[in-house]
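# Sequence and predicted structure below; questions after.
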Amino acid sequence: MMAGFRDLLMLCDDLVKPLIPLYQKYSLVSPRTFPEREQPSLLVGINYLSGTKHQPIFYLNTVQRWFAVIFSTSPEHSIFVKKKKKTFGINAMLCAAVKLLPLLFISILGSTSCPDRCRCFHSSDLVDCQSRELTRIAQDVPEGTWLLDFSRNRLTEVQSNAFIGLWSLRILLLSNNSIETLEPQSLSSLQFLEILDLSFNRLQQLPGDFSQSLGSLLELRLRHNLLTHLSPPAMDKLENLRKLDLSHNALQTMDAGLLNALGHLRYLNLEGNKLDALEDHLLTRQQRLEVLHLGHNNISLIESEALAPLRSLNLLGLRGNRLEHVHFRVFLGLRASSTTYLQLALNPWTCDCELHRVFSKIQHVRYLKVEDYKEIVCEGPGPLAGASLALMDSQLCVAETSAVLVITITVVMGVICALVKAKRNSSSKQSVSESDAQALEK
């Protein structure tokens, strides 16, 4: 059987490599990122027919140079490689025989093939492979597919170049499998992908090139995996990400700079992990973050500047952690235009006058509201265990004040007694001295 469009891409890719210096790395990048002023003028034929007028089919991005590989219906049937201001022509026979060009037209316009055991809705460019007991990603997915659903199968890995040629793909669903490994370049060709769902799998880590082709991604779902650590390179190309769900993994720490590239993030869910502290460096670039879920971790410490950058936060979830005390200044940086709701119940709070003062100050700040204040229960000290903070807080400082008053009175009485005793001793000594003096005179 003759090669398909994806095979042609791979073949042409290999033939273009000699034009690129060996010391330079390159990768396929989306047409969106190709500088408008750099686009070549020979954009006819297949480019028009494929619905991408004035945009080449794919690009090669090097460290310092742009390359655009263009299939053209010019008389020479050439592939043009743009290198800065120079243009190189390569006879199309190097990539495929001229007789294969009609097949190339068909593949770009949209193949009518459908993966075995899947359902294809060609009118809406949807491919449904859900719950088919599949163990590998099918290789004959139509190139024009917009949504691809491989959820609820038996996948254990995503192989390299599994989605090559699927330039139109916007939504990829891979949840509820048993995926343990994402091979290098497994997500290449997904420059336009907007939603990726890898939830309910067995991933323990993400490859270093995970985000390399995901510059357009808006939503990433990784909940209910086995992730123990994330490295910054795996996330550093997700500059357009709006929603990140990492809940119910096994993350214990978050590296400094891990989220630095995610400046547009609006929603971050870290619930159900093993984080023990919220450190100052983690959220430095998340000024646009609106929702932060940190519930059901092991957090016992929130550093003083950890929340300071979050000027747009509307909801902060801290339920079910190990907080005993918290400083009021931790929340001072939360100055969203609307109210910031705090969820603080199910923590082992030590109910004392200091805690009462913190919650009292929070309640008097216009833009802060403890959403579950009536659910907060004291863990200690002993006599207050199980008591509601809302019912006890007004008495906490009264008891403390009474104790301080008793101690003060006791100290004052002790001082008075000591002074009286000293006075008496002084008087007794003076009497003895006078008696002795009189005796000597006689």
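Great, that's in hand. Keep in mind the model is a prediction, meaning the values are calculated, not measured.

# in the stretch 201-350 of the chain, which spans are helices?
Along the stretch 201-350 of the chain, counting by DSSP state H, counting those that start in this stretch, no stretch forms helices.

# Which residue comes closest to Leu258 once chain neighbours are left out?
Excluding its sequence neighbours, the residue lying closest to Leu258 (C-beta to C-beta, 6 or more residues apart in numbering) is Pro232, at 5.2 Å. All C-beta spots, glycine's among them, are computed from the backbone N, C-alpha and C.

# ignore the last one, Ala162
Ala162 sits nearest to Ile137 (C-beta to C-beta, 6+ apart), 4.3 Å away.

# Can you read off the pLDDT for the residue nearest to Leu258?
Predicted confidence (pLDDT) for Pro232: 93.

# residue contacts, it?
If you count contacts by C-beta atoms under 8 Å, 6 or more residues apart in numbering, Pro232 has them with 255, 257-258, 260.

# what's the answer for Asp128, then?
Contacts of Asp128 (C-beta under 8 Å, 6+ apart): 118-121, 149.

# Give me the subset of those that lies in strands.
With strands defined by DSSP state E, the entries of the contacts of Asp128 inside them are 119-121, 149.

# before we move on, back to that, tabulate the contacts of Pro232 (a markdown table), appending distance to Asp352.
Below are the contacts of Pro232 laid out as a markdown table (distance: C-beta to C-beta, whole Å):
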| residue | distance to Asp352 |
| --- | --- |
| Asp255 | 35 |
| Gly257 | 37 |
| Leu258 | 36 |
| Asn260 | 38 |
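
# I'd like the residues you listed laid out as a markdown table, including pLDDT, distance to Ile171 and neighbour count.
Formatted as a markdown table, these follow (pLDDT from 0 to 100; distance: C-beta to C-beta, whole Å; neighbours: other C-beta atoms under 10 Å):
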| residue | pLDDT | distance to Ile171 | neighbour count |
| --- | --- | --- | --- |
| Asp255 | 89 | 29 | 14 |
| Gly257 | 88 | 29 | 14 |
| Leu258 | 92 | 25 | 19 |
| Asn260 | 93 | 27 | 18 |
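
# ends of stretch 331-342, how far apart?
End-to-end distance for stretch 331-342: 10 Å, by C-alpha to C-alpha, to the nearest Å.

# Okay, buried residues for that stretch please.
For stretch 331-342, a neighbour-count test (16 or more other C-beta atoms under 10 Å) marks 331, 334, 336, 340-342 as buried.

# can you check stretch 255-269 too?
Residues of stretch 255-269 classed as buried: 258-262, 264-269 (neighbour count, 16+ other C-beta under 10 Å).

# Repeat that for stretch 299-309.
Residues of stretch 299-309 classed as buried: 299, 301-302, 305-309 (neighbour count, 16+ other C-beta under 10 Å).

# repeat for stretch 195-212
The neighbour-count check on stretch 195-212 (16+ other C-beta under 10 Å) flags 195-201, 203, 205-207, 209-212 as buried.

# try stretch 355-372
Buried residues in stretch 355-372, defined by neighbour count with 16+ other C-beta under 10 Å: 355-356, 358-359, 362, 368, 370-371.

# With pLDDT as added columns, please give these in CSV.
Output for these, formatted as CSV (pLDDT from 0 to 100):
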residue, pLDDT
Leu355, 89
His356, 88
Val358, 91
Phe359, 91
Ile362, 91
Leu368, 93
Val370, 94
Glu371, 94
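
# Which of those residues sits closest to Phe163?
When the buried residues of stretch 355-372 are compared for distance to Phe163 (C-beta to C-beta), Glu371 wins out at 41.7 Å.

# residue boundaries of the strands in the stretch 101-250 of the chain?
119-121, 126-128, 147-149, 157-158, 171-173, 181-182, 195-197, 219-221, 243-245 (DSSP state E, counting those that start in this stretch).

# Tabulate those (TSV), appending distance to Ala390 and mean pLDDT.
Formatted as TSV, those follow (distance: least, C-beta to C-beta, whole Å; pLDDT from 0 to 100):
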stretch	distance to Ala390	mean pLDDT
strand 119-121	54	92
strand 126-128	51	95
strand 147-149	47	96
strand 157-158	50	96
strand 171-173	44	97
strand 181-182	48	96
strand 195-197	40	98
strand 219-221	36	98
strand 243-245	32	98
